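S.K.: Sequence and predicted structure below; questions after.
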Amino acid sequence: MSNTYNPYDNVLKVVNDAAAILGYTQSDIEAIKYPERELKVSVPVVMDNGETRVFEGYRIQHSTSRGPAKGGIRFHPDVNLDEVKALAAWMTFKCAVVNIPYGGGKGGVVCNPNELSERELRAITRRFTAAIAPLIGPDQDIPAPDVGSNAAVMGWIMDTYSMLKGHCVHGVVTGKPIELGGALGRNEATGRGVMFTTKNIMKKLGMEVEGTDVAVQGMGNVGSITAKLLHEEGMKVVAVSDVSGGIYKKEGLNIPEILKYLGEDRKNLLKDYKEEGMVHISNEELLELDVTVLIPAALENQINGQNADKIKAKVVVEAANGPIAAEADPILESKNIVVVPDILANAGGVVVSYFEWVQNIQSVSWTEEEVNAKLKNIMDPSFEAVWNIAQEKKTTLRTGAYLIAVERVVKAKKARAIWP
């Protein structure tokens, strides 16, 4: 990641662009340009070798104007304050564009979970939870999984918070194991939402789903499920990648076999995978493939000013948060590449997190079929609204999404007024 890249600057640019089209003054949007709270914590942990290490952690609440803050916890060596601020802000606008009653928050710990034992990761999680406990809770800030964390981590957070409170608090986090109040369908929700969105944009552009080629960068939870579901829908997944690199096969990869090879624990890497007719490529080469649909599902800043002019896909669906830098957007637009923005495309995860939270606080349970149907009933109309306003204003889908989201956040802030 470039040292000069600041993801929060990306957020501010898009917000300012949307505000100008909406006719807002700087006073109208000034408050939402700054996070409400920024907490930095030290996380001391006794490692397996007996040594004590101190990890750095963050929890940021960007906005609670429309409801409790909502957003994941990321365990990654590149976590930093500006990244977490940007991710928290993206959550604010993501929740607004799909119109669920949340604000935006995000957390992170600077660590590499692949280099930690389960005991060490659990210790980091519990100590971090204790440090941010004054900020979180089912009525104020609800964490969820993100890069480097998973359902097990959410279970540890729930347990730690519950021990501090002296009673079981299911609704403090979402993305939990089913046994602890997790929602059926939550694990696939983000990828399923990306699948719905991909099909929606292809229909608008007159493209056939069956047999159309797609490349997916990133085979974590979101990327792997997106690849799986698009394969099941009949698309030809010609390339996928992980941290070790990518693989490409013009005739289409055997996605079920790849998922079986990677395993649920993701201990196997694609650099060691073999399939007849397949070649190994880099992540950079994957992004520049001549495919119809490209789905970046890894980290931010993957498509930027240095490589945007090399992108050949007709459609880019942002499954990751912020995979396209602001400087790349006009380059892609000049090439007539349609970009479906992250705050719309990958909102399926937070939508089903909302469903999980509702079930927890109401002590009810929905079937996976009900959850998937409810997800589709939110994702499809949200896409339609973004498409329609982008057509009306003759702008990109990213700007269209922010026109809807910024207006909803500003109206909520104005309705509440600034205290005191």
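M.R.: Alright, I've got the coordinates.
S.K.: Using the three-state scheme, assign residue 58.
M.R.: For residue 58, the assignment made with DSSP: H, G, I helix; E, B strand; the rest coil gives strand.
S.K.: Not counting sequence-adjacent ones, nearest residue to it?
M.R.: In this structure, residue 58 finds its nearest non-sequential neighbour in residue 84, 4.7 Å apart by Cβ to Cβ, 6 or more residues apart in numbering. Just so you know, the C-beta spots here come from the backbone N, C-alpha and C atoms, and that holds for glycine as well.
S.K.: Against which helices or strands is the helix or strand containing that neighbour packed?
M.R.: Assigning secondary structure by DSSP states H and E places residue 84 in helix 81-97. Applying 3 or more Cβ pairs under 8 Å, 6 or more residues apart in numbering; DSSP states H and E, one finds that helix 81-97 contacts helix 7-22, strand 37-46, strand 52-63, strand 69-76, strand 104-110, helix 342-345, helix 348-362, helix 397-416.
S.K.: could I get these as JSON lines with mean pLDDT?
M.R.: Output for those, formatted as JSON lines (pLDDT from 0 to 100):
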{"stretch": "helix 7-22", "mean pLDDT": "94"}
{"stretch": "strand 37-46", "mean pLDDT": "98"}
{"stretch": "strand 52-63", "mean pLDDT": "98"}
{"stretch": "strand 69-76", "mean pLDDT": "97"}
{"stretch": "strand 104-110", "mean pLDDT": "98"}
{"stretch": "helix 342-345", "mean pLDDT": "98"}
{"stretch": "helix 348-362", "mean pLDDT": "97"}
{"stretch": "helix 397-416", "mean pLDDT": "97"}
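S.K.: that older thread, burial of the residue nearest to residue 58, as a residue count?
M.R.: Number of residues near residue 84 (other Cβ atoms under 10 Å) recorded here: 27.
S.K.: got the contact list for it?
M.R.: For residue 84, the contact set (Cβ atoms under 8 Å, 6 or more residues apart in numbering) comprises 58, 60, 74, 106, 107, 108.
S.K.: Verify the contact between residue 319 and residue 218 for me.
M.R.: Yes: Residue 319 is within contact range of residue 218, at 7.4 Å (criterion: Cβ atoms under 8 Å).
S.K.: what sits in contact with each of those two?
M.R.: By Cβ under 8 Å, 6+ apart, the residues touching both residue 319 and residue 218 are 296, 297.
S.K.: Of the two, which one has the most company?
M.R.: residue 319 (31 against 27).
S.K.: roughly how far apart are residue 190 and residue 405?
M.R.: Distance from residue 190 to residue 405, counting by Cβ to Cβ, to the nearest Å: 18 Å.
S.K.: Equivalent analysis for residue 103, please.
M.R.: In terms of Cβ to Cβ, residue 103 sits 12 Å off from residue 405.
S.K.: Same check on residue 351?
M.R.: Separation of residue 351 from residue 405 (Cβ to Cβ): 14 Å.
S.K.: who touches residue 161 in this structure?
M.R.: Contacts of residue 161 (Cβ under 8 Å, 6+ apart): 129, 133, 136, 137, 169, 172, 173.
S.K.: Return the member of these nearest to residue 36.
M.R.: If you rank these by distance to residue 36 using Cβ to Cβ, residue 136 comes first, at 13.9 Å.
S.K.: Sketch out the low-pLDDT regions of the protein for me.
M.R.: Scanning the chain for pLDDT under 70 picks out 1-3.
S.K.: care to break it down by domain?
M.R.: 37-174, 188-340 (automatic domain parsing).
S.K.: Of those, which is nearest residue 400?
M.R.: With distances scored as Cβ to Cβ, the stretch of those nearest to residue 400 is domain 37-174 (9.3 Å).
S.K.: Can you give me the first-to-last residue distance of the closest one?
M.R.: 21 Å (Cα to Cα, to the nearest Å).
S.K.: Okay then, goodbye and thanks.
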